[in-house]
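> A structural model of the following input is requested.
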Amino acid sequence: MSNQPFIFVVEHLDPELGPWSALEYKTIAKESKEHGCRFILSSVPASLLQSEQMSELQKWGAEARNDSIETYFDSNKDKICLLDPAAEQELDPADSNVFDVFLFGGILGDDPPRDRTSELRKKGFIGRRLGPKQMTTDTAVRVTRTVILDKVHLDKIPYVDYPELKLNEHETTEMPFRYVADESGNPIMPEGMIDLIKADADKAFDSLEFADEVQGLDDLKVNDS
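Take a look at the predicted model:
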């Protein structure tokens with residue numbers, strides 16, 4: 001690792017920025033800044049670069065670029081780690097001495113959704129995986145930062161898998177993700193995320209903005225108590 005701060009890059013190709021992603025990106029930006037790291041949103045469409053949403057994220061420390069990561073880090077490709085569920089090797093604290101940049105595939109609004117990670121994989125980036133469970137983007141960055149900065153092995157991080165959220169007195173929903181657990185054992189989520197989920201509880205879950213990043217949406221449902 002050089003003397004420069006670690007960099008977390010999310011490739012974002014969606015022409016819009018939905019509320020789910022906005023909350024995740026804000027959380028990543030704030031936590032990256034707090035830990036002395038950089039956060040870059042890459043491949044952002046030109047129209048979105050000029051948006052009020054992007055300006056708000058930049059206030060929290062996010063950097064936004066229209067070009068793709070291979071353009072501005074073209075001479076340091078061996079220092080870029082792609083967080084890839086299909087990678088053979090898991091991320092390890094020792095990787096802090098190998099990589100400077102950690103790359104995460106953004107979510108596209110395609111239906112069916114494209115596997116952005118597979119597109120990045122084809123570009124030849126070195127891959128590491130974060131375990132067998134699917135994570136939200138902010139969770140994946142949080143786990144990566146914990147391993148790289150705090151030198152904590154993946155199997156030593158406290159997790160909550162598929163937490164059940166209480167929407168109201170009569171309804172709950174199970175989130176189909178792995179989260180990092182806080183000191184009380186609750187899932188760490190972006191501020192405002194639970195309120196967003198509750199606000200959309202009366203809609204069909206396949207209309208939620210975050211639904212495109214879920215594989216196996218049949219597992220996401222509201223339960224009546």
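> count of residues packed around residue 150?
Counted with other CB atoms under 10 Å, the burial measure for residue 150 works out to 12 neighbours. No exception for glycine: its C-beta is placed from N, CA and C like everyone else's.
> How about residue 130?
When counting by other CB under 10 Å, one arrives at 22 neighbours for residue 130.
> Apart from its chain neighbours, what residue comes closest to the residue positioned nearest the centre of the chain?
Taking CA atoms, centre = their mean, the centroid of the chain lies closest to residue 137, which sits 1.1 Å from it. In space, residue 137 comes closest to residue 24 once its chain neighbours are excluded; the distance is 5.0 Å by CB to CB, 6 or more residues apart in numbering.
> and the gap between that neighbour and residue 142?
When distance is defined by CB to CB, to the nearest Å, residue 24 is 10 Å away from residue 142.
> what about the longest helix that the chain contains, average pLDDT?
For the chain, the helix reaching the highest residue count under DSSP state H is reported as helix 19-34. Mean pLDDT, computed over helix 19-34, is 95.
> Kindly spell out which helices and strands sit in contact with that helix.
Contact analysis of helix 19-34 by 3 or more CB pairs under 8 Å, 6 or more residues apart in numbering; DSSP states H and E lists strand 7-11, strand 38-42, helix 52-59, strand 62-64, helix 137-150, helix 193-199 as its packing neighbours.
> Return the distance of the residue nearest to the centre of the chain relative to residue 117.
Remark: distance between residue 137 and residue 117 (CB to CB) = 11 Å.
> do residue 65 as well
Using CB to CB, one obtains 19 Å as the distance from residue 65 to residue 117.
> Tell me how this protein divides into domains.
Listed domain ranges for the chain are 7-153, 159-216 (source: automatic domain parsing).
> Tell me the gap between the shortest one and the middle of its chain.
Meaning domain 159-216. Per CA atoms, centre = their mean, to the nearest Å, the displacement of domain 159-216 from the mean C-alpha position of its chain is 15 Å.
> Equivalent analysis for the first one, please.
Centroid separation between domain 7-153 and its chain, computed with CA atoms, centre = their mean, is 7 Å.
> more crowded one of residue 65 and residue 117?
Summary of the neighbour comparison: residue 65 and residue 117, criterion other CB under 10 Å, with residue 117 having more neighbours (21 against 16).
> if I look at the residue nearest to residue 17 when sequence neighbours are not counted, how far off is residue 180?
Excluding its sequence neighbours, the residue lying closest to residue 17 (CB to CB, 6+ apart) is residue 53, at 4.8 Å. Distance of residue 53 to residue 180, given as CB to CB: 25 Å.
> low pLDDT regions in this protein?
Under the criterion pLDDT under 70, the flagged ranges of the chain are 1-3, 13, 106-116, 201-225.
> Which one's more surrounded, residue 24 and residue 142?
Neighbours around residue 24 and residue 142, counted as other CB under 10 Å, are more numerous at residue 24. The numbers are 24 against 21.
> show me the contacts for the more buried one.
With contact set as CB atoms under 8 Å, 6 or more residues apart in numbering, residue 24 has these partners: 136, 137, 138, 190.
> can I get the residues you listed in a markdown table with distance to residue 98?
Formatted as a markdown table, the contacts of residue 24 follow (distance: CB to CB, whole Å):
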| residue | distance to residue 98 |
| --- | --- |
| 136 | 25 |
| 137 | 22 |
| 138 | 24 |
| 190 | 29 |
